[in-house]
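[1] Give me the fold of what follows.
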Amino acid sequence: RFLGKKVVVIGGKTALEKSKQAIIDGVKDSDLKILDFIWYGGECTHENSHMLMDMPIVQEADILFAVGGGRAIDTVKYAAHLMDKPLFTFPTVGSNCAAFSAQAIMYHPGGSFRGNFPTKPCNHCFINSSIIADSPEPLFWAGIGDALSKEFEVVFASKYDQLFHTTLLGQQISRVCTAPILENGKKALDDFRSHTNSFELIQVILDIIISTGLASNLTTTTDNSYYYNSMLAHCIYYGSTVTKKGHNHLHGEVVALGTLVQVAYDEDMEMVKKLMEFNYSIGLPVCFDDIEIDIEEEYETMFNKFQSSAAWKHKPACVNKEQFYKVMQQVNEMGRAFKQEKANA
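    Numbering: from 1, shown residues only. Have a look, this model is predicted:
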């Protein structure tokens, strides 16, 4: 009530369909007036954000509600940031931390990665785990893979620098992102499949959306002076968006494989084995074959894409193009051998 009375609700078509009545019921006893429910445009692009900003009804609204998955929410979040309007998020899938993070991951029309753009975070994030449990399973499955990268990327990216209160807090929050996934991830996925709103499911949803989002907000700066939020695992994802077939795979699915490379680059091979076991247990990739990328043939194409990302630009001094390629090859061979061992068992 301190922020205004007129609301426009923007999101994905399916997300709006599933959540519309719950949102209407949620504001019926308040002074809030919903002006309209609007489709966000289908792709997370600058063009769609500006398309929303040009709509008279969006300009009239005091508050924006962003509803859906990461691409829908980031499209609205970027528009709200440029328009300086209050933003409330309603994630309908548990696939990433977009609903809580202070950045928008934007793409070019056609799907290739454009960049990470700092935004203000939402004023509040409303999570309905029952709605999330009714979302497409692959998105939640991939969300588990995405969240699993947070600690390893943040700690690796920041461990060589002198940290101050904000970044130190972000680093420590990132450390609580791994255990809930490894401990609860498999049961949470099973409960998701049976539409059971269990303790394990809720813990994993909160990990994916809130814990990783908090870590992200505290390890990223708008003035570009530091960036610890993502590192090599996400470089692999950004590179995958321009490969022949890798771009067909989900963000978190590719990042899950990238996390194996990230940890191997840090020479923690025991953790690589542990993560590989977990990935295999729920069907996440363990080698580049699983995401249809031929690294020998496509590494240069991938490198040309991810070298412009914030993650690569802020990489520690120990990271270089040649060693990254060697570690990718190493993990690929390990993953192939691991799968063969499992097949022979």
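
[2] ok, now which ones touch Q262?
    For Q262, the contact set (C-beta atoms under 8 Å, 6 or more residues apart in numbering) comprises 149, 152-153, 156, 231-233. Every C-beta, even on glycine, is put in place using the N, C-alpha and C of the backbone.

[3] element containing it, please.
    Q262 belongs to helix 251-265 when assigned by DSSP states H and E.

[4] So, low pLDDT: which residues of this structure?
    Within the chain, no stretch has pLDDT under 70.

[5] list the buried ones in stretch 170-189?
    By 16 or more other C-beta atoms under 10 Å, the buried positions in stretch 170-189 come out as 170-171, 173-174, 177-178, 180-181, 184-189.

[6] I should have written stretch 219-235 there, sorry.
    Neighbour-count burial for stretch 219-235 [16+ other C-beta under 10 Å]: 219-220, 226-235.

[7] Next, the angle from the longest helix seen in the chain to helix 251-265.
    Counting residues, the longest helix found in the chain (DSSP state H) is helix 321-344. Between helix 321-344 and helix 251-265, the angle comes out at 110 degrees (axes from the mean of the first three to the mean of the last three C-alpha atoms, to 10 degrees).

[8] one step back: out of the contacts of Q262, who's nearest Q340?
    A233 (24.1 Å; C-beta to C-beta).

[9] And the closest one, its phi and psi?
    Dihedral angles of A233 (phi, psi; degrees, to the nearest 10) stand at phi -60, psi -40.

[10] ok, and the closest non-adjacent residue to it?
    G258 (3.3 Å; C-beta to C-beta, 6 or more residues apart in numbering).

[11] V242: what's its closest spatial neighbour, skipping adjacent residues?
    Here the residue nearest V242, using C-beta to C-beta, 6+ apart, is K305, at 4.7 Å.

[12] repeat for A256
    Closest to A256 by C-beta to C-beta, 6+ apart is G145, at 3.0 Å.

[13] Tell me how many other residues surround the one you found.
    29 (other C-beta atoms under 10 Å).

[14] Not counting stretch 235-250 itself, show me its contacts.
    Outside stretch 235-250, the residues within contact range by C-beta under 8 Å, 6+ apart are 95, 107, 111-113, 138-139, 142, 251, 254-255, 257-258, 261, 291-294, 298, 301-306, 309, 311-312, 324, 328.

[15] re earlier: what two of the buried residues of stretch 219-235 are the furthest from one another?
    Largest pairwise distance in these, by C-beta to C-beta, is 18.3 Å, between Y226 and A233.

[16] Tell me which helix or strand the residue nearest to A256 sits in.
    Using DSSP H and E, G145 falls within helix 137-147.

[17] send the alpha carbons of that helix over as CSV?
    Presented in CSV, the C-alpha positions along helix 137-147 are these (Å, rounded to 0.1, in the frame of the first residue of the first chain):
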residue,chain,number,x,y,z
GLU,A,137,9.5,-31.4,-14.4
PRO,A,138,12.6,-30.7,-16.6
LEU,A,139,12.7,-27.1,-15.3
PHE,A,140,12.8,-28.1,-11.7
TRP,A,141,15.4,-30.9,-12.6
ALA,A,142,17.6,-28.3,-14.3
GLY,A,143,17.1,-25.9,-11.4
ILE,A,144,18.7,-28.4,-9.1
GLY,A,145,21.7,-28.4,-11.5
ASP,A,146,21.9,-24.7,-11.6
ALA,A,147,21.8,-24.2,-7.8
